[in-house]
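[1] test case, fold it:
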Amino acid sequence: MKIHELKPAEGSKKAPRRVGRGMGSGLGRTAGKGHKGQKARSGAGKGPVFEGGQTPLARRLPKRGFKNEPFRVEFAVLNLAQIEELGLAEITPEILIANRVVRDMKDGIKILGNGELTKAVKVSAHAFSAAAKEKITAAGGTVEEL
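    Numbering: from 1, shown residues only. Here you go, the predicted structure:
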């Protein structure tokens, strides 16, 4: 069998419907859309959330909570366990990006206190949790807030 000899199985292909191509086609005149009305128009349909002019559910329900979107500060977080794995004497944002520990710095890097440190490390970051500061200084390291 050659590629030019391939053809679909008998009866598996159907000719596309040619709507609006005259009365003899069986789908002439209104082209299978019935008579008038919104759904008979071109570009018909209002989408899945349209409720026929009734106030949509998203607008009927009460809005709750508060979003501090324009002023929100989002940090890239890093745990002490990850710093321990690196085994470096000094940690800075540039070193973290170079080692691909942090890929997107967002608004800065925050060090969290999950894990233990076994040796002194000088850590420079934008923010620290209280537990992280305590553990770094207890291991003989230094903390520098940028």
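[2] could you use CA atoms for every contact and neighbour count after this?
    OK.
[3] excluding its backbone neighbours, what's nearest the residue nearest the centre of the chain?
    When CA atoms, centre = their mean is applied to the chain, the residue found nearest the centroid is residue 104 (14.3 Å). Nearest residue to residue 104, sequence neighbours excluded (CA to CA, 6 or more residues apart in numbering): residue 76, at 7.0 Å.
[4] and the strand or helix carrying the one you found, what does it pack onto?
    For residue 76, the host element (DSSP states H and E) is strand 76-79. Applying 3 or more CA pairs under 8 Å, 6 or more residues apart in numbering; DSSP states H and E, one finds that strand 76-79 makes contact with strand 109-112.
[5] following the strand it packs on in sequence, what is the next regular element?
    strand 122-125.
[6] what's in contact with that following strand?
    Residues from elsewhere that reach strand 122-125, judged by CA atoms under 8 Å, 6 or more residues apart in numbering: 89-93, 108-111, 141-146.
[7] hmm, residue 20 is touching residue 33, no?
    No. Counting by CA atoms under 8 Å, residue 33 is not a contact partner of residue 20; they are 10.0 Å apart.
[8] longest helix of this structure?
    Counting by DSSP state H, the longest helix found in the chain is helix 130-138.
[9] how distant is that helix from the center of its chain?
    The chain centre lies 33 Å from the centre of helix 130-138; the measure is CA atoms, centre = their mean, to the nearest Å.
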